[in-house]
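Enquirer: I'll drop the sequence and a predicted model, then ask my questions.
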Amino acid sequence: MSLSSALETLANYRTHNTRASQDIVEKGRLLLKSNVASKMGDDAWAFLEQLALASVDIARYDVADECLRQLLAKFPESPRVDVLSGIRMEATEPPEVVLKFYDQLLEADSSNAAIYKRRISVLVRMGKTEQAVSELCEYLDTFYSDVEGWVELAELYSSCNQYTSALQALSHALLLAPQNPFYVLQFAETAYTAEDIPLAIKMFMLTIDIADRHASEESIPSGASVRAWYGVKLCCRALSERSSLSSPSDTPLPKNLNLLDELATERVLTAYSAATGKGERLDESLC
Amino acid sequence: MSSVRYTLSPRGYLKIFFHAAKHPHLPVNGVLLGRKLDSISVGNGTVEITDAIPLLHHWTSLSPMMEIGLDLVTRHASEQGLEVVGYYQACDRLDDSALAPVGERVAGKIREAFGDAVAFVIDGEKIGSEEHVALIPYLPQSSSSLSSWRPYTSTPSPFSSGSIFTLTTASGSASLPALAKTLVKDHKTHQAFCDFDDHLEDVSLGE
């Protein structure tokens, strides 16, 4: 593997936020050794941050420490490097020590959103879900526009079976990012789990609407819309099995459920018609 | 307690292991396929777990895709002459080896159709070990369908010799955890591995 193609792959991972830690460390170590970083210009710092995170992820603390050393030498007071140091501490220090470190940073500068989020993630990892939820709510009061924060809150609620609260949190995410089909999809699946089937079916269809907004009628469903069509199908079946139907959100049912069910079936089948069977590949290599 | 014995095939174990290894920062879950062998010599018979089907890594607390996955798997199993005999999950936290509330519900649901259902939770502390099987078996406490599930703690400990839980391998159970670790660390086999969530993103990917 040449250095330039390794650099390219890593830059690509950064753009797409891909968590391919094993690969990043493997390629990154080569680059670190051959000291390419000094010739990369300003990209070097983003690379060192990426490599540090990935090394912590797969417990190559020696590599992470080397990255941190270079970053600290260049940016001694940077809040971004502080966050990275915190993450490095989380890997090997007891959670109480890390929380104290974060508290000190927040005392010095209470506007560092990333530190609040690290604090909350440490609480989640300690199993203190209740405290994490209340701190996250407090954080979102200040940093309302943090979509990821709202989604995380919804997930915390869902993990404790608080699906109605999860829906409320997600509705903030939908307000902030109305064009993202994945948040709508998560909303739909949460509504289904909360047994609000009419709301679920509406949101599954909205997902398809957003995900396929540039698609033509003949196009083959892919990505989020396959999942959503499956969801529509599931909702139709749930509706046909249930006689009494409640919707806590008072969402009206779509007319012509049967036609919708047929369309969902057709769409799911179309998605498969284009698929080529790569399925048994792993099976063969395994046994 | 039931004296049903459980055997897990290498194929099943590796698939569970890869699934957990591919998403170390997320909870994952899936189901176990197998069949019950009645036998006079070994008490109440043996549940032979031959395969594992990985299902979710995205929103493991939400039910729709779990329902669809279970449906498809149940049908697939009966075509193969097998049954859905259990459930497995891994947590995102290393020290958390509790069967999540959702897991209890799914396992309870599986038990409605298969009485001797079992649940496995990945033991994060042991997943890097070369000797120990990184699975904690859970069994229901009572015969009620809403029964809570408890980790199996009787001696001999699960997957050690003489336990009601065993791995079926020709070369002795000690080598399989080592093999799993090598495949993940050196061959990255788990990266080629897909679950039902991946399949929903791209239907050309098989599980």
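Expert: Sure thing, it's come through. Numbers count the residues shown, from 1 in each chain, chains lettered A, B, ... in the order given.
Enquirer: how close does residue A:190 get to chain B?
Expert: 6 Å (C-beta to the nearest C-beta, to the nearest Å). All C-beta atoms are positioned from the backbone trio N, CA, C, and that covers glycine.
Enquirer: For the residue in the stretch 1-150 of chain A positioned nearest to chain B, the count of nearby residues, please.
Expert: Chain B sits closest to residue A:125 of the stretch 1-150 of chain A, with a gap of 5.7 Å, by C-beta to the nearest C-beta. Look at residue A:125: counted by other C-beta atoms under 10 Å in any protein chain shown, it has 17 neighbours.
Enquirer: From the opening residue of stretch B:104-123 to its closing one, how far?
Expert: Distance across stretch B:104-123, first residue to last, is 17 Å (C-alpha to C-alpha, to the nearest Å).
Enquirer: tell me the average confidence for stretch A:81-92?
Expert: The average pLDDT for stretch A:81-92 rounds to 93.
Enquirer: brain fart, stretch A:154-161
Expert: 91.
Enquirer: buried ones in it?
Expert: A:154-159 (16 or more other C-beta atoms under 10 Å in any protein chain shown).
Enquirer: From these, list the ones also adjacent to chain B.
Expert: Among these, the residues lying close to chain B (C-beta under 8 Å from any C-beta of the partner chain) are A:155, A:158-159.
Enquirer: Just the ones of those residues in strands?
Expert: Using DSSP state E, no member of those falls within strands.
Enquirer: Chain B: which of those is nearest?
Expert: Lowest distance from chain B to those (C-beta to the nearest C-beta) belongs to residue A:158, with 4.0 Å.
Enquirer: residues contacting the closest one?
Expert: Shown in contact with residue A:158 (C-beta atoms under 8 Å, 6 or more residues apart in numbering or on different chains): A:166, A:190, A:193, B:59, B:61-62.
Enquirer: Pull out the buried residues from those.
Expert: Burial by neighbour count, 16+ other C-beta under 10 Å: within these this picks out A:166, A:190, A:193, B:59, B:61-62.
Enquirer: just these now: which is nearest residue A:227?
Expert: Checking those against residue A:227 with C-beta to C-beta, the nearest one is residue B:59 at 10.6 Å.
Enquirer: for the closest one, helix, strand, or coil?
Expert: Assigned by DSSP: H, G, I helix; E, B strand; the rest coil, the conformation of residue B:59 is coil.
Enquirer: need the contact list for it.
Expert: Residue B:59 touches A:155, A:158, A:186, A:189-190, B:65, counting by C-beta under 8 Å, 6+ apart.
Enquirer: from the buried ones among the contacts of residue A:158, which single one is nearest residue A:215?
Expert: Of all these, residue A:215 sits closest to residue B:59, with 24.4 Å by C-beta to C-beta.
Enquirer: Show me the shaky parts of the chain.
Expert: Unless you meant another one, I'm taking chain A. Applying pLDDT under 70 to chain A picks out residues A:1, A:37, A:217-218, A:243-244, A:274-287.
Enquirer: Hmm, no, I was thinking of chain B.
Expert: Looking at chain B by pLDDT under 70, you get B:1-2, B:39-43, B:145, B:170-174, B:206-207.
Enquirer: where exactly do the helices run in it?
Expert: For chain B, the helices defined by DSSP state H occupy B:10-22, B:64-79, B:101-113, B:175-182, B:196-201.
Enquirer: For the first one, name the packing helices and strands.
Expert: Judged by 3 or more C-beta pairs under 8 Å, 6 or more residues apart in numbering or on different chains; DSSP states H and E, the packing partners of helix B:10-22 are strand B:28-37, strand B:46-56, strand B:83-90, strand B:118-122, helix B:175-182.
Enquirer: which bits of the stretch 51-200 of chain A sit near chain B?
Expert: Applying C-beta under 8 Å from any C-beta, we find that the stretch 51-200 of chain A lies next to chain B at A:57, A:125, A:127, A:155, A:158-159, A:161, A:186, A:188-190, A:192-193, A:200.
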